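Visitor: give the three-dimensional model of this entry:
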Amino acid sequence: MLVKTYASSVYGIESITVTVEVKVTSGTKYYIVGLPDSAIKESLQRIESAIQSAGSRMPRQKIVVNLAPADIRKEGSAYDLAIAMAILGASGQLQTEKLNDFLILGELSLDGGIQPIKGALPIAIQAKQDGFKGIILPKDNAREAAIVSGFQVYGVENIADVISFMDGKTILEETHVDPRTEFQRNINNYESDFSDVSGQSNIKRALEIAAAGGHNVILIGPPGSGKTMLAKRLPTILPPLNLHESLETTKIHSVAGRLAATESLMTVRPFRAPHHTISDVALVGGGANPQPGEISLAHHGVLFLDEMPEFKRSVLEVMRQPLEERKITISRARLTVDYPASFMLIASMNPCPCGYYNHPEKDCICSPGVVQKYLSKISGPLLDRIDLHIEVTPVDFNELSLSGQSENSATVRDRVIKAREKQSGRFITNQEVHCNAQMEDRMVREICHVSASGQQLLKSAMERLGLSARAYNRILKVSRTIADLDASEHIENEHLAEAIQYRSLDRESWAG
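Guide: You can find the predicted model right below:
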């Protein structure tokens, strides 16, 4: 007897429905075809033990399992439950009428328990598009999949529950989640706040500009000056995620298996801070079975690289293309997947190996030439892609002792939101651009007009600092953001002057 059930395979952040065909005939042995990986080939022992734990029997006949389409490689253990249901149906131990209505996914334990899977959200979205009535999956993934409205989601803990449901003996409890209520309940639920940082008003101003325009930032300063503390609070002043951004971010974390069982929707912007020993594959994504990297997990959020010169040169250089295109393409011999990577980069670094170059009170002990060598660990093309270079100085005692004087994140965020609203109106005809930092060169020429005196100011800055054409465009973008924060229709000279001062590392005299 031939029975079909349906599962799913995730590629990138999208999924493809997989038909599980099982035929039980006279003979012996167990065959599984359709390009399965080792985890699927080893499923026989898990399935047999789980079926026996549920009080059913494993057929002692020839069992052929086909995973269609057969030309796409299938990976992971999420097919266990669908294969088990098809085997029980093909051997006459299970009623098969409901099998065509549901997508069935889950890894089986030897005692019949059902373990969590990856990618439940994109799988549920695709299942609804393919016309399935609902999805049966592990209980730990139920809230995540239930974000898809108008679709039945059943979270189960044991294979026996699924068997009873298919036979009509029990009714499974449907999981319901209102995405808008879930989204609004936890939006901007951050533990830290900008008001935690004493002093550093000029640095806060620069980070406000970065947040308003989506600009990349590098913070240069001695140890203990507050670089990490400031960076960790940058997401708290960014505009809240909208529902579309939240769903897209949740899909990526779902595919990577980073969502907790209690989470259904990511409602705050992600903040990723990988260690400097990270590999280039772990940063951008990839592997034999391609997975999202840190830059994709930071999509619609912030990627923080602490002590940037300590990262391997190859790791830093692979970020150049994603910073421009806001996506990363992973190519393998058998498939190519795209992962979105629209993130804000914020990096920090000491000014020299000892950390005290240009310190107002402590002496630098680095030998001549060491400072420049240390800075050269970050390539010029990568620095060009960072819009704001900010020098962070230590906070003195008087500023540290003041309490309750700093603006909180909500106040700063309101100004950032107003600036972003102006940008949204400006780019309303272009669906690919949402903030000033994402403008292409052609758009910069069309939008960022400056006066004759402003052009002269830019010319002298270009000649004095030796700026590249890319840095010139970055200055114009930052100037436009500063003007938006000031609610100015035109870029004034003071906006240009402030933007130029955020190119610290372009100054030839900076490192002596």
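
Visitor: surely residue 29 touches residue 62?
Guide: Yes - counting by C-beta atoms under 8 Å, a contact exists between residue 29 and residue 62, whose distance comes to 6.0 Å. Glycine gets a C-beta too; all of them are placed from N, C-alpha and C.

Visitor: leaving out the residues flanking it, which one is nearest to the residue nearest the centre of the chain?
Guide: Residue closest to the average C-alpha location in the chain (C-alpha atoms, centre = their mean): residue 297, at 2.3 Å. The shortest distance from residue 297 to any residue other than its chain neighbours is 5.3 Å, reached at residue 272 (C-beta to C-beta, 6 or more residues apart in numbering).

Visitor: for the residue nearest to the centre of the chain, give me its contacts.
Guide: For residue 297, the set of contacting residues under the criterion of C-beta atoms under 8 Å, 6 or more residues apart in numbering consists of 252-253, 256, 258, 270, 272.

Visitor: go on, residue 63?
Guide: Contacts for residue 63 were tallied using C-beta under 8 Å, 6+ apart; they are 22-24, 29-31, 87, 90.

Visitor: ok, 6 Å please
Guide: By C-beta atoms under 6 Å, 6 or more residues apart in numbering, residue 63 lies in contact with 24, 30.

Visitor: related to what we said a few turns ago, tally of neighbours for the residue nearest to residue 297?
Guide: 18 (other C-beta atoms under 10 Å).

Visitor: again, but for residue 284
Guide: Counted by other C-beta under 10 Å, the residues lying close to residue 284 total 22.

Visitor: kindly report the same for residue 220.
Guide: Burial measure for residue 220: 23 neighbouring residues, criterion other C-beta under 10 Å.

Visitor: for it, name its beta-bridge partners.
Guide: For residue 220, the residues forming beta bridges with it (DSSP bridges) are residue 349, residue 391.

Visitor: wait, isn't it in contact with residue 388?
Guide: No - under the criterion of C-beta atoms under 6 Å, residue 220 makes no contact with residue 388, lying 10.9 Å away.

Visitor: what about residue 29 and residue 62, which has more around it?
Guide: residue 62 (14 against 8).

Visitor: the closest residue to the more buried one other than its chain neighbours: neighbouring residues, count only.
Guide: With sequence-adjacent residues excluded and distances taken as C-beta to C-beta, 6+ apart, residue 62 is closest to residue 27, at 3.2 Å. By the criterion of other C-beta under 10 Å, residue 27 has 10 neighbours.

Visitor: can I assume residue 27 sits in a helix?
Guide: No - counting by DSSP: H, G, I helix; E, B strand; the rest coil, residue 27 is located in no helix; its state is coil.

Visitor: okay, it: pLDDT?
Guide: Reading off the confidence values, residue 27 has pLDDT 87.

Visitor: what about it, distance to residue 63?
Guide: Distance of residue 27 to residue 63, computed by C-beta to C-beta, to the nearest Å: 9 Å.

Visitor: what do you get for residue 331?
Guide: Using C-beta to C-beta, one obtains 37 Å as the distance from residue 331 to residue 63.

Visitor: same deal with residue 445?
Guide: Relative to residue 63, and taking C-beta to C-beta, residue 445 is found at 66 Å.

Visitor: quick check: residue 409 touching residue 235?
Guide: No - with the criterion set as C-beta under 6 Å, residue 409 and residue 235 do not qualify as a contacting pair; they are 9.1 Å apart.

Visitor: one step back: the residue nearest to residue 62 and residue 64, how far apart?
Guide: When residue 27 is compared with residue 64 (using C-beta to C-beta), they lie 9 Å apart.

Visitor: follow-up on the earlier one: check contacts around the residue nearest to residue 297.
Guide: With the criterion set at C-beta under 6 Å, 6+ apart, residue 272 makes contact with 294, 297-298, 303.

Visitor: same deal with residue 80?
Guide: 43, 46-47, 107-108.

Visitor: do that again at 8 Å, thanks
Guide: Taking C-beta under 8 Å, 6+ apart, one finds 43, 46-47, 50, 106-108 in contact with residue 80.

Visitor: phi and psi next, for it.
Guide: Torsion angles at residue 80 (phi, psi; degrees, to the nearest 10) stand at phi -50, psi -50.

Visitor: swap in the one 10 residues further on?
Guide: The phi/psi pair for residue 90 (degrees, to the nearest 10) reads phi -70, psi -20.

Visitor: and if you look at residue 17?
Guide: phi -70, psi 130.

Visitor: now it: how far from residue 8?
Guide: With the distance defined as C-beta to C-beta, residue 17 ends up 6 Å from residue 8.

Visitor: more neighbours: the two, which one.
Guide: For residue 17 versus residue 8, neighbours defined as other C-beta under 10 Å are more numerous around residue 8 (26 against 18).

Visitor: and the helix or strand hosting the more buried one, what does it pack onto?
Guide: Under DSSP states H and E, the secondary-structure element containing residue 8 is strand 2-11. Applying 3 or more C-beta pairs under 8 Å, 6 or more residues apart in numbering; DSSP states H and E, we find strand 2-11 packed against strand 14-25, helix 80-90, strand 102-104, helix 120-129.

Visitor: need those in TSV (columns: distance to residue 495).
Guide: Written out in TSV, the entries for those read as follows (distance: least, C-beta to C-beta, whole Å):
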stretch	distance to residue 495
strand 14-25	42
helix 80-90	59
strand 102-104	54
helix 120-129	42
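
Visitor: for the stretch 251-400 of the chain, what are the low-confidence residue spans?
Guide: Low-confidence segments of the stretch 251-400 of the chain (pLDDT under 70): 397-400.

Visitor: residue 212 is in contact with residue 437, correct?
Guide: No - here residue 437 does not reach residue 212: they are 9.7 Å apart, not a contact under C-beta under 8 Å.
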